[in-house]
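**Student:** any chance you can model this:
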Amino acid sequence: MGPDGKPLLRGFQGEDLMGAKNMDVQLINAKLTGMISAATAAYKEGLTQIRQSNCEELSNITQTPAAPINNGVIVSVDAQSVWTVTGPCYLTKLTLENGGTICAADGKTLKMTVDGKETALQPGVYTGMICLAVE
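**Tutor:** Numbering: from 1, shown residues only. You can find the predicted model right below:
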C-alpha cells in the first residue's frame, strides 16, 4: 500500500508516470507460448523522415529482443502456469513458484544466465541481467 492507502502496482511510482516504467507480466493460471523481453526498436532501413506521404511508417517498427537499458522487465510464473519460451528473452527479475514451469519449445533446450553466469532454472527469485536462451 502506498502512503495514501491505495495499492501500488509493481514498477509504478506516482500517478504522473514519472517513476519506473517497468513491464510487469504475471502469469496466473496461464499458458503462454512466446517471448517476453526488453527489445530494441527500429524503423525500416533508410527511413529518416516521416511525412504525410509515408505516415503509415509510424507503425512499421521492428522490435528485436535485447538487454534492458533503462526499464525493467519483471516476470512472475505462478504454480499453475506454463511459459514455453520460443526465442531469446531479456529480463531484470524472474519469479518462478514451486509447480510453475518455464520450458523451451519441443525439441529445444532452455538456458538461463544471470549477470552472465549460467544458472539452473528452478523455483525462486532471480534479479539482474537475466537471459533465457533457446537452443
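**Student:** quick one, what contacts the spatially most central residue of the chain?
**Tutor:** The structure's the chain has its C-alpha centroid closest to Ser37; by CA atoms, centre = their mean the separation is 3.3 Å. Neighbour list for Ser37: Pro65, Ala66, Val73, Pro88, Cys89, Tyr90, Leu91 [criterion: CB atoms under 8 Å, 6 or more residues apart in numbering]. For the C-beta atoms, the positions are set from N, CA and C on the backbone; glycine is no exception.
**Student:** now do 6 Å
**Tutor:** Counting by CB atoms under 6 Å, 6 or more residues apart in numbering, Ser37 touches Pro65, Cys89, Tyr90.
**Student:** out of everything not next to it in sequence, what's closest to Thr119?
**Tutor:** Met112 (5.2 Å; CB to CB, 6 or more residues apart in numbering).
**Student:** in terms of helices and strands, where is the one you found?
**Tutor:** strand 110-114 (DSSP states H and E).
**Student:** now do that strand, average pLDDT.
**Tutor:** For strand 110-114, the mean pLDDT works out to 97.
**Student:** many thanks, have a good one.
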